[in-house]
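In: No letters, just coordinates:
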């Protein structure tokens, strides 16, 4: 798989690079530098083709808006199939309660994309939405020793 239109070979082995980024996010990475977590523990034994954080950063910077839309479409289809085959929330097919709340997260960089001055005077914040979902169906959690 190759990311078309990328310069300097950034788009080569796109499937391995996307897998590395997702694995890093699952392991707790929240920035390009944090993707170095992929080189620790047993992770290199789980995945072929672990890439350096700088290589993954070059790959991500090669994305155009069209590439991001394509990746979003794949993500959307994957989640729909996963949700159809994974009963994570018992009773969601009958009744589900969704709570969506806005929050503020302070940022310190002037170049942080999406940061705005808002409710807090002189403080730049991001305004992510947080969502929770629940159903009236109780979830049975196994108790150890019973």
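Out: Yep, that arrived. Everything numeric in this text was worked out from a predicted model, so none of it was measured.

In: What are the buried residues along stretch 62-79?
Out: Neighbour-count burial for stretch 62-79 flags 62-63, 67 (criterion: 16 or more other CB atoms under 10 Å). C-beta: built from backbone N, CA, C; applies to glycine.

In: Could you list which of those belong to helices?
Out: residue 67 (DSSP state H).

In: Give me the pLDDT for residue 110.
Out: Model confidence at residue 110, expressed as pLDDT, equals 67.

In: now swap in residue 63 and tell me
Out: pLDDT recorded at residue 63 is 79.

In: and what of residue 71?
Out: 78.

In: where's the helix or strand hosting it relative to the chain centroid, distance-wise?
Out: Secondary structure from DSSP states H and E places residue 71 in helix 65-85. Offset of helix 65-85 from its chain centre (CA atoms, centre = their mean, to the nearest Å): 12 Å.

In: would JSON lines of the buried residues of stretch 62-79 with distance to residue 136 be doable?
Out: Formatted as JSON lines, the buried residues of stretch 62-79 follow (distance: CB to CB, whole Å):
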{"residue": "62", "distance to residue 136": "47"}
{"residue": "63", "distance to residue 136": "42"}
{"residue": "67", "distance to residue 136": "42"}
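
In: Closest one to residue 128 out of the buried residues of stretch 62-79, please.
Out: For those, the minimum distance to residue 128 (CB to CB) is 21.2 Å, reached by residue 63.

In: From residue 38, how far off is the closest one?
Out: 20 Å (CB to CB, to the nearest Å).

In: cool, residue 64 as well?
Out: 25 Å.

In: center of the chain, which residue is that?
Out: With distances taken as CA atoms, centre = their mean, the residue of the chain nearest its centroid is residue 25 (6.3 Å).

In: helices or strands up against the helix or strand containing it?
Out: In the assignment (DSSP H and E), residue 25 maps to helix 14-26. Helices and strands touching helix 14-26, by 3 or more CB pairs under 8 Å, 6 or more residues apart in numbering; DSSP states H and E, are helix 53-61.
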